[in-house]
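**Student:** just to be clear, the model below is a prediction. Sequence and coordinates:
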Amino acid sequence: MADYIGAIDQGTTSTRAMVFDHDGSVVARHQVEHRQILPRAGWVEHDPDEILRNALLVAGEAFQGYQIRALGVANQRETTVVWDRRTGTPFGNAIVWQDTRTDRIAEALNRDGRGELIRHKSGLRPATYFSGGKLQWILEHVDGARDAAERGDALFGTIDTWLLWNLTGGRVHATDVTNASRTMLMDLETLDWDDELLACFGVPRAMLPRICPSSDPSSYGHTTEGIALTAALGDQHAATVGQVCFTPGEAKNTYGTGNFLLLNTGTEPVRSEHGLLTTVAYRFGSAPPVYALEGSIAVTGAAVQWLRDRLHIIGTAAECETLAARVPDNGGMYFVPAFSGLFAPYWRADARGAIVGMSQYDTDAHLARATLEAICYQSRDVVEAMQQDSGVTLDVLKVDGGVTANDLCMQLQADILGVPVSRPMVAETTALGAAYAAGLAAGYWNDTDELRANWHESHRWKPTWSPQQRAEGYQRWHDAVRRSLDWIEIGA
Ligand SMILES: Nc1ncnc2c1ncn2[C@@H]1O[C@H](COP(=O)(O)OP(=O)(O)O)[C@@H](O)[C@H]1O
Ligand SMILES: O=P(O)(O)OC[C@H](O)CO
């Protein structure tokens, strides 16, 4: 009987399980959304138990009837959970990567000089985005968490670690090197937790998981049902693998809740001078780690969700395209969706959302168009930074993720960037990358050449705007970004 590789992709808005065959084609899938818990402005939480239930549900549905040789887990990164090792009970909800409650912690680190240490050692900059500050917040604010952590009874994990712990019946407390590289607690060169970084956030080492390769036959054990767990990696790193960006200079841009552009920079970390992050792209077994430069954008698809769930001007995310297509241009309107401040390349926690340039002529259709353009302008900002940092000039942008179903948005991306945009046949590259990493460790695929042969283009959008139209639009975008800055006082 043929066997298959399974993947769980635990994302910010939903959890999917998929089954892949040897060609990298999806043969089964199941997906469910979970609640976005917004207790107050700037706070974003998920219920860890709901996420676990959903992961078990989707895996049960998707894997039924298939012989699964190995399973890989990909996850929303940075989102932080602390739980009691004796009972498995979380110390409150998970604090999601978009949550800005730790702005004061990040600001203090930036002010007192420890920011430079963090930047150098972890490749990240103090920001609300990463796990270190979230973990510090839980230790300081959740009853009993600090004492339990000091006693060794409280465990920390990003969502990979939480799922692995539960899938293995509490036998494995591990994370992979890509997830660890998003915490501000790991030294990028030693690939180990670093005492100076732990001290910055007051984190006891005893609560931290073991750091393992992203793809490995023995690190993660088996699920309680006996399926071999052979890979774990952050979702954006998994998408890099799914897009077969195995050669330095290859990049992908994933359009989900946020956007994340990763450029493979090879086996040495490259430090950014232009607002990007340095991160581990992936590590396969005992091979040297491969690093990436990353441009992280907090709000892209989430702005479409906002039109749907808060403004109610569309009923589904897909309707954003039909609404935006009713008008030929943005009518002068620019939307900077800085709901969590601005991430790359600006890193401005003091920014907030701004819609500028409106006149009485403008309609909901212009707002829908401005939303799609905002996704594309933010991506151009990180592409520009990436080209400056690395010297790499993209001749095509490989894309994937939920928003890439929107043809108008992808056409706008080609127009705004001035570079063709290419979407692969399997747009679920995150789950595919987790499956590839798991399948490599299990001997299902022999090497990355075999994976590369599975990559096929499904669609390519070519730029149509004149250089002048492109330059004018980009100038206006920057004018709008300036107006979104300096809007809130940090910690006020
Ligand atoms: N046709 C579409 N047009 C624009 N945005 C879309 C479309 N379909 C989905 N989205 C957006 O894509 C996001 C979901 O993409 P997905 O890759 O599943 O994200 P995640 O992994 O972050 O959960 C949502 O924010 C949704 O608003
Ligand atoms: O769940 P996604 O696809 O929105 O990705 C979230 C990122 O991992 C956050 O860093």
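**Tutor:** The structure has been received and is ready for your questions. Ligands and ions are numbered 1, 2, ... in the order given.

**Student:** which parts of the lowest-mean-pLDDT helix or strand in the chain are buried?
**Tutor:** Sorted by mean pLDDT, DSSP states H and E, the helices and strands of the chain end with helix 103-111, the least confident at a mean of 91. Across helix 103-111, burial judged by 16 or more other Cβ atoms under 10 Å covers 103, 105-110. Any C-beta I mention is one placed from the backbone N, CA and C, and that applies to glycine too.

**Student:** next one: stretch 65-84
**Tutor:** For stretch 65-84, the neighbour count (16+ other Cβ under 10 Å) marks 66, 68-83 as buried.

**Student:** related to what we said a few turns ago, what's the following helix or strand after the least confident helix or strand of the chain?
**Tutor:** Using DSSP states H and E, the helix or strand that follows helix 103-111 towards the C-terminus is helix 114-122.

**Student:** the very next helix or strand once past that next one close to ligand 2?
**Tutor:** Counting by DSSP H and E, the next helix or strand C-terminal to helix 114-122 is helix 131-141. No: no part of helix 131-141 sits near ligand 2 under the criterion Cβ under 6 Å from any ligand atom; the closest distance found is 10.2 Å.

**Student:** next structured bit after helix 131-141?
**Tutor:** helix 145-151.

**Student:** just the CA coordinates of the helix or strand just after that next one, formatted as CSV?
**Tutor:** Along the chain past helix 145-151, the next helix or strand (assigned with DSSP H and E) turns out to be strand 154-157. Taking C-alpha atoms only, strand 154-157 is exported to CSV below (Å, rounded to 0.1, in the frame of the first residue of the first chain):
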residue,chain,number,x,y,z
ALA,A,154,6.2,25.7,34.1
LEU,A,155,7.2,25.1,30.5
PHE,A,156,7.6,27.6,27.8
GLY,A,157,6.8,26.9,24.2
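
**Student:** output the contacting helices and strands for strand 154-157.
**Tutor:** strand 81-84, helix 145-151, helix 159-167 (3 or more Cβ pairs under 8 Å, 6 or more residues apart in numbering; DSSP states H and E).

**Student:** for the last one, buried residues please.
**Tutor:** When you say that, I think you mean helix 159-167. Within helix 159-167, the residues scored as buried using 16+ other Cβ under 10 Å are 159-167.

**Student:** closest one of those to ligand 1?
**Tutor:** Using Cβ to the nearest ligand atom, residue 159 is the member of those that sits closest to ligand 1, with 11.8 Å.

**Student:** I figured that closest one was touching residue 54, is that so?
**Tutor:** No: Residue 159 lies out of contact with residue 54 (Cβ atoms under 8 Å); the separation is 11.3 Å.

**Student:** list the residues that contact both of those two?
**Tutor:** Listed as contacting both residue 159 and residue 54 by Cβ atoms under 8 Å, 6 or more residues apart in numbering are residue 10.

**Student:** can you tell if the helix or strand hosting residue 18 touches ligand 1?
**Tutor:** Element membership for residue 18, per DSSP H and E: strand 14-20. Yes: judged by Cβ under 6 Å from any ligand atom, strand 14-20 and ligand 1 are in contact via residue 14.

**Student:** the next helix or strand after that strand pairs with which strands, and in what direction?
**Tutor:** Using DSSP H and E, the helix or strand that directly follows strand 14-20 along the chain is strand 26-33. In the sheet containing strand 26-33, the strands it pairs with under DSSP bridges are strand 14-20 (antiparallel).

**Student:** can you redo the buried residues of helix 103-111 as CSV with distance to ligand 1?
**Tutor:** Compiled in CSV, those are given as follows (distance: Cβ to the nearest ligand atom, whole Å):
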residue, distance to ligand 1
103, 22
105, 25
106, 23
107, 27
108, 30
109, 27
110, 27
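
**Student:** and of those, the nearest to ligand 2?
**Tutor:** For those, the nearest to ligand 2 is residue 106 (15.5 Å; Cβ to the nearest ligand atom).

**Student:** my read is that that closest one contacts residue 349, right?
**Tutor:** Yes: using Cβ under 8 Å, residue 106 is in contact with residue 349, at 6.7 Å.

**Student:** residues shared between the contacts of these two?
**Tutor:** 127-128.

**Student:** how about the residues of the chain by ligand 2?
**Tutor:** Applying Cβ under 6 Å from any ligand atom, we find that the chain lies next to ligand 2 at 11-12, 76-78, 97, 234-236, 256-258, 260, 296.

**Student:** where in the stretch 51-200 of the chain is pLDDT low?
**Tutor:** The model of the stretch 51-200 of the chain has no residue with pLDDT under 70.

**Student:** tell me the contacts of the closest residue to ligand 1 within it?
**Tutor:** Nearest residue of the stretch 51-200 of the chain to ligand 1, counting by Cβ to the nearest ligand atom: residue 76, 6.8 Å away. Applying Cβ under 8 Å, 6+ apart, we find residue 76 in contact with 10-12, 96-97, 159, 235.

**Student:** of these, which belong to helices?
**Tutor:** In this view, the contacts of residue 76 that belong to helices under DSSP state H are 159, 235.

**Student:** what's the strand or helix carrying residue 303 packed up against?
**Tutor:** Per DSSP H and E, residue 303 falls inside helix 301-309. Helices and strands touching helix 301-309, by 3+ Cβ pairs under 8 Å, 6+ apart, are helix 319-324, helix 364-390.

**Student:** the longest one to helix 301-309, inter-axis angle?
**Tutor:** Right, helix 364-390. Counting by axes from the mean of the first three to the mean of the last three Cα atoms, to 10 degrees, helix 364-390 lies at 170 degrees to helix 301-309.

**Student:** and helix 364-390, how far out from the chain's middle?
**Tutor:** 17 Å (Cα atoms, centre = their mean, to the nearest Å).

**Student:** got it, and the shortest one?
**Tutor:** For helix 319-324, the gap between its own C-alpha mean and the chain's C-alpha mean amounts to 25 Å (Cα atoms, centre = their mean).

**Student:** same thing with stretch 397-410?
**Tutor:** 16 Å.

**Student:** give me the buried positions along it.
**Tutor:** Buried positions in stretch 397-410, judged by neighbour count with 16+ other Cβ under 10 Å: 397-404, 406, 408-410.

**Student:** do any residues in that stretch lie close to ligand 1?
**Tutor:** Yes: counting by Cβ under 6 Å from any ligand atom, ligand 1 is contacted by stretch 397-410 at 401-403, 405-406, 409.

**Student:** about what we covered before: where's the dip in pLDDT among the residues of the chain next to ligand 2?
**Tutor:** pLDDT across these is lowest for residue 257, at 89.

**Student:** can I get the residues of stretch 397-410 next to ligand 1 in a markdown table with secondary structure and pLDDT?
**Tutor:** Converted to a markdown table, the residues of stretch 397-410 next to ligand 1 look like this (DSSP: H, G, I helix; E, B strand; the rest coil; pLDDT from 0 to 100):
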| residue | secondary structure | pLDDT |
| --- | --- | --- |
| 401 | coil | 92 |
| 402 | helix | 92 |
| 403 | helix | 96 |
| 405 | helix | 95 |
| 406 | coil | 97 |
| 409 | helix | 98 |
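
**Student:** can you put these in TSV and add distance to residue 127?
**Tutor:** Converted to TSV, the residues of stretch 397-410 next to ligand 1 look like this (distance: Cβ to Cβ, whole Å):
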residue	distance to residue 127
401	22
402	24
403	23
405	30
406	28
409	26
